[in-house]
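>>> Next come a sequence and a model predicted from it.
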Amino acid sequence: MFDNSVKAYEEACEVIPGGVDSPVRAFKSVGGTPPFIDRGEGAYLFDVDNNKYLDFVQSWGPLIFGHCDKDIEEAVIATAKKGLSFGAPTTLETELANEIVDMYDYIDKVRFVSSGTEAVMSAIRLARGVTGKNDILKFEGCYHGHSDSLLVQAGSGMATFGAPSSPGVPADLTKHTLLCEYNNIENLKKCFEDSNDISCIIIEPIAGNMGLVPASPEFLKVCRELCDANGALLIFDEVMTGFRASLTGASGILETKADIITFGKVIGAGMPVGAFASNKEIMGHLSPDGAVYQAGTLSGNPVAMSAGLVSLRKLKANPEIYAALNEKASRLVAGLKEVAEQNNIGLQVDTRGSMFGFFFADKMPTNFKEVTDFCDFERFGKFHHEMIKRGFYFACSQYEAGFICTVITDEDIDACINAASEVMKNL
């Protein structure tokens with residue numbers, strides 16, 4: 001029964017482009033009408049028709065403790081009673097920055113912003129200011145927000161300067177963006193041969209925007225070496241993986257270290273927030289200490305800071321959470337793979353901490369082209385649609401990762417696998 005969601009979607013389309021405020025929510029990749037959510041409780045979502053869903057999206061990552069965690073909720077309410085925003089410094093910003101800095105031996109300072117897009121945009125500006133160079137190098141399939149210079153598509157050559165992938169983005173704003181194939185070392189080296197003006201590499205070290213596709217250790221090692229040899233900085237976009245893949249994100253499970261890390265999602269525990277961080281030398285170039293300008297009225301918003309502070313402190317006090325989350329994620333994808341094999345369906349699966357991914361494919365993809373070439377998107381759409389009907393809410397695109405929260409139980413996962421077994425018989 002989705003009558004109220006259908007009505008809500010039709011009404012939204014009258015006043016909101018596409019009926020949604022972020023394109024993926026429109027369910028264009030999987031078909032059907034998106035459920036309009038009324039509330040979240042623990043591991044579950046409830047829509048306006050009062051359908052109940054086991055939530056494997058968790059607001060696209062930040063809700064490690066599920067919806068309406070009591071400790072986070074109490075902190076948010078207490079802070080909101082003091083005022084929603086001041087446009088002035090608060091001690092909560094310093095407290096949260098200290099919690100983050102304390103976890104890393106190569107991060108000294110943090111600047112808070114209001115979104116992951118803003119964090120990445122600012123980190124790239126900082127890298128350009130530090131190096132005095134103009135070009136940036138990004139990878140196909142890695143999403144770093146919708147700022148102009150990052151909305152690029154591949155050109156005709158293997159290593160190429162990007163062309164705009166969206167109307168409204170002038171070519172002049174993407175001409176300094178080089179596009180490389182993820183996990184392709186030769187392509188990466190070619191980019192540095194083509195340009196001596198590269199300020200930085202920006203990469204999701206564990207990509208979550210073409211499904212879950214980790215970078216190989218060898219690829220990241222070469223990224224680091226090329227940056228060092230060419231006076232460029234290495235930026236890890238950990239907006240999704242930060243405090244998700246491990247207590248210190250992808251950086252905590254990889255040997256390669258970045259010069260700048262961008263954060264988002266988890267450090268706000270569901271509130272709008274982002275951040276970028278580095279050592280004292282690099283961050284010293286940032287205004288008001290240095291000449292690289294960045295500002296934001298709502299940066300360091302006290303309500304978001306209080307939510308993030310409680311969440312991070314709970315994670316630091318209970319680091320064993322990550323092993324438990326990975327065990328649940330592994331249980332889920334192993335079960336999905338088993339029922340797929342029973343029905344002669346190719347399914348590739350992977351996990352990183354509390355993140356998981358699966359592809360309807362006979363071979364595991366390692367980059368964006370392979371995702372598009374190997375994967376059966378029609379089958380994924382059918383699977384998603386049938387699982388929604390049975391009360392299981394997965395990300396509405398095969399290009400997205402999934403997330404486990406602490407309040408999802410083994411019984412929840414087993415119920416999902418049983419439902420998937422039913423669905424896959426008809427795929």
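Right, received. Where do you want to start? Since the model is a prediction, treat every value here as computed from it, not as a measurement.

>>> Tell me which helix or strand in this protein has the weakest average pLDDT.
Counting by mean pLDDT, DSSP states H and E, the chain has its least confident helix or strand at strand 160-161, which shows a mean of 45.

>>> Find the residue at the geometric middle of this protein.
When CA atoms, centre = their mean is applied to the chain, the residue found nearest the centroid is residue 240 (2.8 Å).

>>> What residues does that residue make contact with?
60, 61, 116, 204, 206, 208, 209, 264, 265, 355, 401 (CB atoms under 8 Å, 6 or more residues apart in numbering). C-betas here are computed from N, CA, C, even on glycine.

>>> let's go with 7 Å and repeat that
Counting by CB atoms under 7 Å, 6 or more residues apart in numbering, residue 240 touches 61, 208, 265.

>>> Contacts for the longest helix along the chain, please.
Counting by DSSP state H, the longest helix found in the chain is helix 321-342. By CB under 7 Å, 6+ apart, the residues outside helix 321-342 that reach it are 246-247, 315, 347, 349, 351, 353-356, 358, 404, 406, 408, 410, 413, 416-417, 420-421, 424.

>>> What subset of those residues is buried?
246-247, 315, 347, 349, 351, 353-356, 358, 404, 406, 408, 413, 416-417, 420-421, 424 (16 or more other CB atoms under 10 Å).

>>> name the element the residue nearest to the centre of the chain belongs to?
Counting by DSSP states H and E, there is no helix or strand that carries residue 240.

>>> And the chain, what are its domain boundaries?
Domain ranges of the chain: 3-68+320-424, 71-317, per automatic domain parsing.

>>> tell me the most buried of the ones you listed?
domain 71-317 (a mean of 20; mean count of other CB atoms under 10 Å).

>>> Following the chain onward from the strand or helix carrying residue 220, which element is next?
According to DSSP H and E, residue 220 maps onto helix 217-230. Using DSSP H and E, the helix or strand that directly follows helix 217-230 along the chain is strand 233-237.

>>> strand partners of the helix or strand following that next one, parallel vs antiparallel please.
Following strand 233-237 in sequence order, the next helix or strand is strand 260-264 (DSSP H and E). If you go by DSSP bridges, strand 260-264 pairs up with strand 233-237 (parallel), strand 274-278 (antiparallel).

>>> want to throw these into TSV with distance to residue 1?
Below are the strands paired with strand 260-264 laid out as TSV (distance: least, CB to CB, whole Å):
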stretch	distance to residue 1
strand 233-237	40
strand 274-278	38
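
>>> Residue 177: which of these is closest?
For residue 177, the closest of the strands paired with strand 260-264 is strand 233-237, at 13.4 Å, according to CB to CB.

>>> So, low pLDDT: which residues of this structure?
Within the chain, the stretches with pLDDT under 70 are 153-164.

>>> hmm, who's touching stretch 33-43?
For stretch 33-43, using CB under 7 Å, 6+ apart, the contacting residues are 2, 5-6, 8-9, 25-27, 45-48, 51, 54-55, 66-68, 405, 407-408, 412.

>>> how long is it end to end?
The straight-line separation of the ends of stretch 33-43 (CA to CA, to the nearest Å) is 22 Å.

>>> Could you give the separation of it from the chain centroid?
20 Å (CA atoms, centre = their mean, to the nearest Å).

>>> if I look at residue 99, how far off is residue 351?
Per CB to CB, to the nearest Å, residue 99 is found 26 Å from residue 351.

>>> I should have written residue 238 there, sorry.
17 Å.

>>> Ok, residue 74 next?
Distance, residue 74 to residue 351, using CB to CB: 31 Å.

>>> Mind exporting the C-alpha coordinates of stretch 260-275 to CSV?
Below are the C-alpha coordinates for stretch 260-275, written out as CSV (Å, rounded to 0.1, in the frame of the first residue of the first chain):
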residue,chain,number,x,y,z
ILE,A,260,44.2,16.4,3.4
ILE,A,261,41.2,14.5,4.5
THR,A,262,37.6,15.6,4.0
PHE,A,263,34.8,14.4,6.3
GLY,A,264,31.0,14.6,6.4
LYS,A,265,27.9,12.7,7.4
VAL,A,266,29.1,10.7,10.4
ILE,A,267,30.7,13.6,12.2
GLY,A,268,27.2,15.2,12.3
ALA,A,269,25.4,12.0,13.2
GLY,A,270,22.7,12.9,10.7
MET,A,271,22.9,16.7,10.9
PRO,A,272,24.2,18.7,7.9
VAL,A,273,28.0,19.0,8.4
GLY,A,274,31.3,18.5,6.7
ALA,A,275,35.0,19.2,7.5
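
>>> from the chain's centre, how far out does it sit?
Chain-centre distance of stretch 260-275: 10 Å, with CA atoms, centre = their mean.

>>> got it, and stretch 313-320?
Per CA atoms, centre = their mean, the centroid offset for stretch 313-320 relative to its chain is 21 Å.

>>> who touches that stretch?
64, 65, 71, 99, 243, 247, 321.

>>> 6 Å - rerun?
residue 247 (CB atoms under 6 Å, 6 or more residues apart in numbering).

>>> Kindly export that stretch (C-alpha atoms) in CSV.
The C-alpha trace of stretch 313-320 is given here as CSV (Å, rounded to 0.1, in the frame of the first residue of the first chain):
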residue,chain,number,x,y,z
ARG,A,313,32.7,9.8,21.7
LYS,A,314,30.5,6.7,21.8
LEU,A,315,32.5,5.3,18.9
LYS,A,316,35.9,6.0,20.6
ALA,A,317,34.6,4.5,23.9
ASN,A,318,33.4,1.4,22.1
PRO,A,319,35.9,0.6,19.2
GLU,A,320,34.7,-3.0,19.2
